[in-house]
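Undergrad: Next input, structure requested:
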Amino acid sequence: MTDPTTTTAERRALAARLAQSGALRAPAWRQAVESVPREAFLHPGVFLPEPRGRWRPVLADRTPEPQWARLAYSDQSLVTQLDGCLTPDQATTPEPVPGVPTSSSTEPALVLRMLESLEVAEGMRVLEIGTGTGYSSALLCHRLGEDAVTTVEVDPGVARRADDALEGIGVSTWTVTGDGLLGHPARAPYDRVIAACAVRRVPYAWVRQTRPGGVILSTLGSWAHGAGLAKVSVGADGTAEGRIVGPVSFMQARAQAQPPVTGDLAARAAYADCEREVRVPPTVLEEWTPAFLAQLTVPDAQLVHARTAGGEQRTYLFAPDRESFAEFVPDALASAGWTVRQGGPVRLWDQVEETLLAWRDAGSPGIDAVRLRVTETAHHYWLDGASAPSLRWEHALR
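TA: Okay, here's the model as predicted:
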């Protein structure tokens, strides 16, 4: 494994790139990037992406130091675990393996953009949800001090590796194994809460454990794309209010992760109650803001892309809990090029389409036009300046 004392130049080069891109602004964060060795948090190795959803294991102690250093300081997220259990050293061969990423070292630019957005100051106490490799925890500790940071990780193996890595570079902070959605009341209140995972809603436990005037920064969304970075300030009345400050993508918090829609999708969508031409093509969901608004509209639905036995592309919305679906079928005769088949008690695409048409009428504002308010019983969302009822959402907390 690379000796951290030999990567000073790589750390400085990373900091320079982050500063040039605008992800790194504050001198104190630049000093942290130049001081904390990212490679120390990638042991025992990483998985690199290969075609067809496979991952190639790369081990730290079997990779030449210059190559490992280039990888550690590359501008990319590096997967460190698959399927909630498999680490690179546990792969039986060096050949690519299938799997779903469940832990990673996030792209440094995203890490620093979020840390900058947190607006910390000396003397603040921070709760981090999702320790992951521990790299961002180390940056926070360098900036604020070891005793100021509490970091929570749900996966015992991931937590243990992160704690070992932190101790390995001389950082002894408050590392906790547990469900981060519950926060960590033992060390509350906090001035800042930052989540390195996506959640379907901001847990009220985080609001309760944050001082009035404190800030919570968290990714909201459950689809693979189309999530938003929410930044809310906690009020003295126990509510939190703010806005979506930009697009972002993170792995889902495990307690809120939806099981994938599997099986014969054509059979699950075989019996439609209605079929019609779309007014808005489903391809609009490839854009970030429409995808986020669709999730606000049908928060329990999943977007699924698949192929039929004949190789034709199909797109679906499934809401298993409500036993409803929408299937999109290419149709050259339809004015928008698609028809939609819907089944079950809820017309999923009718609801989403109404939202997207209202969004277009409002001038198609960006995701940063979405505001939100969190109370003990519900999340309220709305678009700045929009009066249409379909551009206001209320999600009750269950």
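
Undergrad: would you list every one of the strands in the stretch 151-300 of the chain?
TA: 174-177, 190-199, 210-220, 227-234, 240-248, 274-277 (DSSP state E, counting those that start in this stretch).

Undergrad: Would you mark the buried spots in stretch 79-97?
TA: Going by neighbour count (16 or more other Cβ atoms under 10 Å), the buried part of stretch 79-97 is 79-82, 84, 86-88, 91, 96-97. Backbone N, C-alpha and C define where each C-beta goes, glycine included.

Undergrad: What is the nearest of these to R12?
TA: T80 (24.4 Å; Cβ to Cβ).

Undergrad: quick one: what helix or strand has the closest one in it?
TA: strand 78-82 (DSSP states H and E).

Undergrad: Alpha carbons only: can I get that strand in CSV?
TA: This file holds the C-alpha atoms of strand 78-82, laid out as CSV (Å, rounded to 0.1, in the frame of the first residue of the first chain):
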residue,chain,number,x,y,z
LEU,A,78,-14.3,4.4,-6.0
VAL,A,79,-16.5,1.5,-5.0
THR,A,80,-15.2,-0.4,-1.9
GLN,A,81,-18.0,-2.9,-1.3
LEU,A,82,-20.6,-4.8,-3.3
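
Undergrad: Mind checking the pLDDT average for it?
TA: Strand 78-82 carries an average pLDDT of 96.

Undergrad: follow-up on the earlier one: switch the buried residues of stretch 79-97 over to CSV; also include distance to Q31.
TA: Converted to CSV, the buried residues of stretch 79-97 look like this (distance: Cβ to Cβ, whole Å):
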residue, distance to Q31
V79, 28
T80, 26
Q81, 30
L82, 34
G84, 35
L86, 36
T87, 31
P88, 31
A91, 37
P96, 38
V97, 39
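
Undergrad: Am I right that A109 is in a helix?
TA: Yes - with DSSP: H, G, I helix; E, B strand; the rest coil as the criterion, A109 is part of a helix.

Undergrad: tell me the centre residue of this structure?
TA: Geometric centre of the chain, nearest residue: F250, 2.0 Å, by Cα atoms, centre = their mean.

Undergrad: Touching, that residue and L220? I think so.
TA: No - using Cβ atoms under 8 Å, F250 is not in contact with L220; the gap is 10.0 Å.

Undergrad: Kindly point out which residues are neighbours of both of the two.
TA: 198, 227 (Cβ atoms under 8 Å, 6 or more residues apart in numbering).

Undergrad: Contacts for the worst-scoring helix or strand of the chain on mean pLDDT next, please.
TA: Ranked by mean pLDDT, DSSP states H and E, the helix or strand of the chain with the weakest confidence is helix 265-268, at a mean of 80. Applying Cβ under 8 Å, 6+ apart, the contact partners of helix 265-268 are 261, 304, 306, 308-309, 314, 316, 318, 325.

Undergrad: any idea which of those has the most stuff around it?
TA: F325 (27 neighbours; other Cβ atoms under 10 Å).

Undergrad: Can you read off the backbone torsions of that residue?
TA: Phi and psi for F325, reported as degrees, to the nearest 10, are phi -150, psi 160.

Undergrad: Find me the pLDDT at the residue located most distally from the centre of the chain, would you?
TA: Most distant from the centre of the chain: L333, at 38.5 Å, with distances by Cα atoms, centre = their mean. According to the prediction, L333 has pLDDT 87.

Undergrad: Not counting sequence-adjacent ones, nearest residue to P320?
TA: V261 (7.0 Å; Cβ to Cβ, 6 or more residues apart in numbering).

Undergrad: still on that earlier bit, with the buried residues of stretch 79-97 in mind, which one is nearest to V149?
TA: T80 (20.5 Å).

Undergrad: Surely the closest one is in contact with F47?
TA: Yes - contact criterion Cβ under 8 Å: T80 and F47 qualify, at 7.2 Å.

Undergrad: what sits in contact with each of the two?
TA: Common neighbours of T80 and F47 (Cβ under 8 Å, 6+ apart) are P88.

Undergrad: So what sits opposite S103 in the bridge?
TA: In this structure, S103 bridges to Q81 when assessed by DSSP bridges.

Undergrad: hang on, isn't it packed against V158?
TA: Yes - counting by Cβ under 8 Å, S103 does reach V158; the two are 5.1 Å apart.

Undergrad: where does this protein have low pLDDT?
TA: 1-5, 262-263, 309, 398 (pLDDT under 70).

Undergrad: one step back: what sits in contact with each of S103 and V158?
TA: 80-81, 132-133.

Undergrad: all helices for the stretch 1-150 of the chain, in order.
TA: For the stretch 1-150 of the chain, the helices defined by DSSP state H, counting those that start in this stretch occupy 8-21, 27-35, 65-72, 108-118, 135-144.

Undergrad: Now do the second one: distance to the chain's middle.
TA: Spelled out, that is helix 27-35. Centroid displacement of helix 27-35 relative to its chain, using Cα atoms, centre = their mean, to the nearest Å, is 24 Å.

Undergrad: Can I get it in CSV, CA atoms only?
TA: Written as CSV, here are the backbone C-alpha positions of helix 27-35 (Å, rounded to 0.1, in the frame of the first residue of the first chain):
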residue,chain,number,x,y,z
PRO,A,27,-8.3,27.9,2.7
ALA,A,28,-9.1,25.7,5.7
TRP,A,29,-10.7,23.0,3.5
ARG,A,30,-7.8,23.3,1.1
GLN,A,31,-5.4,22.6,4.0
ALA,A,32,-7.4,19.6,4.9
VAL,A,33,-7.3,18.2,1.4
GLU,A,34,-3.6,18.7,1.3
SER,A,35,-3.1,17.0,4.6
